[in-house]
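Participant: Sequence and predicted structure are below.
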Amino acid sequence: MTIPPYLLQEMAQLTGEHIVLVLIAMAIAASAGLPLGVLLTRRAALRTPLLGFANVMQTIPSLALFGFLIPIPFIGGIGKRTAIVALVLYALLPILRNTLAGVLGVDSAVRESAIAMGMTGRQLLWQVELPLAAPTILAGVRIATVTTIGTATIAAAIGGGGLGVFIFRGIASVDTTQILAGAIPAALLALLSDGGFSWIERRVSIA
Amino acid sequence: MSAGNGTSASGAATLEFREVSYRIGGNLILDKLNLRIVEGRTLVLLGRSGSGKTTALKMLNGLLFPSDGQVLVDDRATTDWDLIQLRRGIGYVIQEVGLFPHFTIGENVALVPRLQGWAPDRITARVSELLDQVGLEPARFLDRYPRQLSGGQRQRVGVARALAAEPKLLLFDEPFGALDPVTRVELQDQFLELRDRLRKTSIFVTHDVREALRLGTEIALLHRGRLEVLATPGEFVKSGGPEARAFLATL
């Protein structure tokens, strides 16, 4: 199958938009999710409400979540900003949950030794807990990224751009070529990022 | 921290439990424990599971604090100590060893000196000296990771790590309990050799009366949170209380 030349340029442009959407959403989700996840390891009382919130976000069908956000002031409306907010809300749960699980999963004998040898709380976190939790945290970021690449195709429904533009247009005009022009690059992006993360995970893991 | 050579008899701590009780939930784990340990001695805390011996040990480096009474290290209550400084002056060896799996053997042993800001070449020299002392050839072991070592080797590293920053007090929580009998005796021999050479104040928790008799200069027998017997090994074998006899019957 050859790609019709009129599609090529648009494919490049929309793939670029898609990547930017995902990168921005993941950057925000990670920079919120990692510290929040660490906070949850220290404050057990916050675990139920915060994980509950993230869980509920995940259960909302993605198309509906994008729709819900449109009427909300500041974060809502039509366009990329709303799309990014929705993607962040989706990506938060795996990052939060894996950060919490990774840090809590550190061998209690190792943690006790670190404390007993006079590490401060900060040294314990940066020199022991986070390095040992890194593979689990990374797995969370990996899941979140791959999911976000797929979910980001729905951003087009609220004017967020990205490869979803092809898909929605293809559905509306019953044009399989257009649908594939959106779906195939999105799938390739997901596979590529999954492979990239698996490479990083192998380098980070100590076992 | 003085530079020291790690083999001097000075710099040992004096410890005291003063009317120490510890409660958790409704359970009384320690019941008005009174105990004084003179510097340079090795006190073995002997007792069954749940007798309170590990609880007592963890009060010395501030992992636990008394519900009532006071624990004094060098005549200062642990509640008045800067805990980070207190702990960096205490070596701690536990049954699970607790080596950092992502650190090499060298980095594990170097930990407290590094936290204390020693100069790098002093740390390097100290780590090699310690590995030699515990019978691990530095050239072979420095760059390995804990998972590449046997249980006995790991515990030797644990002992080296505890000694690294020339602590004035050493705490051992059933350190040899998970080892095979032959390795255990080897490590006990090494413990005795280090004990007699370094003369650090040491507290050693065990439920093995044979180990207690071998390693202690004093034995404190705990039963249900109370101190039943405090005696030298020579006196301990003659003591007549029911709990002491129960332990001696296992010999």
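Facilitator: All right, it came through fine. Numbers count the residues shown, from 1 in each chain, chains lettered A, B, ... in the order given.
Participant: And stretch A:17-26, what's buried?
Facilitator: Neighbour-count burial for stretch A:17-26 flags A:17-19, A:21-22, A:24-26 (criterion: 16 or more other Cβ atoms under 10 Å in any protein chain shown). To be clear about C-beta, it is placed using only N, CA and C from the backbone, and glycine gets the same treatment.
Participant: can you check stretch A:183-203 too?
Facilitator: By neighbour count on 16+ other Cβ under 10 Å, the buried set for stretch A:183-203 is A:183, A:185-186, A:189-190, A:193, A:197, A:201.
Participant: What's the local residue count around B:Thr104?
Facilitator: 17 (other Cβ atoms under 10 Å in any protein chain shown).
Participant: picking that back up, of the buried residues of stretch A:17-26, closest to chain B?
Facilitator: The closest of these to chain B turns out to be A:Met26 (Cβ to the nearest Cβ; 25.6 Å).
Participant: wait, doesn't that closest one sit right on A:Val141?
Facilitator: Yes. Under the criterion of Cβ atoms under 8 Å, A:Met26 makes contact with A:Val141 at 7.4 Å.
Participant: hang on, the earlier thing: pLDDT-wise, what's the bottom of the buried residues of stretch A:183-203?
Facilitator: Comparing pLDDT over these, A:Glu201 scores lowest. The value there is 87.
Participant: so is it in a helix, a strand, or just coil?
Facilitator: The three-state label given to A:Glu201 by DSSP: H, G, I helix; E, B strand; the rest coil is helix.
Participant: how near is it to A:Thr136?
Facilitator: 10 Å (Cβ to Cβ, to the nearest Å).
Participant: Now tell me which helix or strand of chain A has the poorest mean pLDDT.
Facilitator: Among the helices and strands of chain A, helix A:62-69 carries the lowest confidence by mean pLDDT, DSSP states H and E, at a mean of 85.
Participant: other SSEs contacting that one?
Facilitator: Packing contacts for helix A:62-69, counted by 3 or more Cβ pairs under 8 Å, 6 or more residues apart in numbering or on different chains; DSSP states H and E, involve helix A:80-104.
Participant: ranges for the helices of chain A?
Facilitator: Taking DSSP state H to define them, one finds helices in chain A at A:5-42, A:47-59, A:62-69, A:80-104, A:108-116, A:121-123, A:130-151, A:164-172, A:176-204.
Participant: most neighbours per residue, which of the ones you listed?
Facilitator: Highest mean neighbour count of the helices of chain A: helix A:80-104, a mean of 23 (counted as mean count of other Cβ atoms under 10 Å in any protein chain shown).
Participant: is it up against chain B anywhere?
Facilitator: No. Judged by Cβ under 8 Å from any Cβ of the partner chain, helix A:80-104 makes no contact with chain B; its nearest approach is 13.0 Å.
Participant: Could you name the helices and strands sitting against that helix?
Facilitator: helix A:5-42, helix A:47-59, helix A:62-69, helix A:130-151.
Participant: I'd like these laid out as a markdown table, including distance to B:Asp68.
Facilitator: As requested, those are exported to a markdown table (distance: least, Cβ to Cβ, whole Å):
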| stretch | distance to B:Asp68 |
| --- | --- |
| helix A:5-42 | 29 |
| helix A:47-59 | 33 |
| helix A:62-69 | 55 |
| helix A:130-151 | 37 |
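Participant: Up against chain B, what does chain A have?
Facilitator: Checking chain A against chain B by Cβ under 8 Å from any Cβ, the hits are A:107, A:109-110, A:112-120, A:123, A:128, A:131-132, A:206-207.
Participant: What separation is there between A:Asn55 and A:Leu93?
Facilitator: In terms of Cβ to Cβ, A:Asn55 sits 6 Å off from A:Leu93.
Participant: can you list the residues of the stretch 101-250 of chain B near chain A?
Facilitator: Counting by Cβ under 8 Å from any Cβ, the stretch 101-250 of chain B sits next to chain A at B:101-102, B:111-112, B:115, B:145, B:147, B:161.
Participant: Could I have the buried ones of those residues as ChimeraX selection syntax?
Facilitator: Filtering these down to the buried ones (16+ other Cβ under 10 Å) takes a single ChimeraX command:
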select /B:101,102,111,112,115,145,161
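Participant: Between which two of the residues of the stretch 101-250 of chain B next to chain A is the distance greatest?
Facilitator: Farthest apart among these by Cβ to Cβ are B:Leu115 and B:Arg147. That separation is 23.3 Å.
Participant: what stretches of the chain score poorly on pLDDT?
Facilitator: Assuming you mean chain A. By pLDDT under 70, the low-scoring segments of chain A are A:1, A:206-207.
Participant: that's the wrong chain, I meant chain B
Facilitator: For chain B (pLDDT under 70), the answer is B:1-11.
Participant: Could you say which helix or strand holds the residue nearest to the spatial centre of it?
Facilitator: For chain B, B:Leu171 is the residue whose C-alpha lies nearest the centre (Cα atoms, centre = their mean; 1.9 Å). Assigned by DSSP states H and E, B:Leu171 belongs to strand B:169-173.
Participant: rewinding a little: just so I know, which of the helices and strands packed on helix A:80-104 lies nearest B:Ile24?
Facilitator: Among the helices and strands packed on helix A:80-104, helix A:5-42 comes nearest to B:Ile24, with 21.4 Å by Cβ to Cβ.
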